[in-house]
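K.L.:
Predicted structure and sequence below. I'll ask about it afterward.
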Amino acid sequence: MAVTQISLVLVLGSLAGFFSGVLGIGGGVILVPVLVYVLGYNQHLAQGTTVALLCLPVGIAAFASYNRQGFVDSKVALILFCGFIVGSFYGSRLAVALPEMWLKRAFGIFLLGLGARMLVSR
């Protein structure tokens, strides 16, 4: 990997981490489109790469910041964690089985739907 590409990926990771901390979003909302359209990854590779990096940084760094301020409901987080493990296992199995175009469209529809809902909700 060239130095310029390493620098670009480092900046993208920093921006994704920043927005993850500020907006409470997973970095994949930012990183998957960037990996696909800027670095030329296919949808499966972009999603898999993003999932691999989110486990520790978000789990440790963001949790520590929010928890220090008392903004973590530990009981709900533990229950969500259990469901997340099961859901992510089956969701990832489905994702790798889908053709890339279906996966890309599903990702886009999800983002559009989420954005539209947030724009029109009170």
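P.N.:
Now that the structure is in, tell me what you want to look at.
K.L.:
Tell me who's in contact with the nearest residue to Ala62 once chain neighbours are set aside.
P.N.:
Of all residues not flanking Ala62 in the chain, Gly21 sits nearest, at 5.3 Å (C-beta to C-beta, 6 or more residues apart in numbering). Any C-beta I mention is one placed from the backbone N, CA and C, and that applies to glycine too. Contact analysis of Gly21 by C-beta atoms under 8 Å, 6 or more residues apart in numbering lists 61-62, 65.
K.L.:
Next up, the contacts around Leu15.
P.N.:
Ile30.
K.L.:
per-residue confidence averaged over whatever helix or strand it lives in?
P.N.:
Using DSSP states H and E, Leu15 falls within helix 3-23. Averaging pLDDT along helix 3-23 gives 84.
K.L.:
and stretch 83-103, which residues are buried?
P.N.:
95, 103 (16 or more other C-beta atoms under 10 Å).
K.L.:
Give me the contact list for that stretch.
P.N.:
Identification of contacts with stretch 83-103 by C-beta under 8 Å, 6+ apart yields 42-44, 47-48, 51, 106.
K.L.:
Now restrict these to buried residues only.
P.N.:
43, 47-48, 51.
K.L.:
what's the following helix or strand after the helix or strand containing Lys75?
P.N.:
If you go by DSSP H and E, Lys75 is part of helix 74-97. The helix or strand immediately downstream of helix 74-97 is helix 100-120, counting by DSSP H and E.
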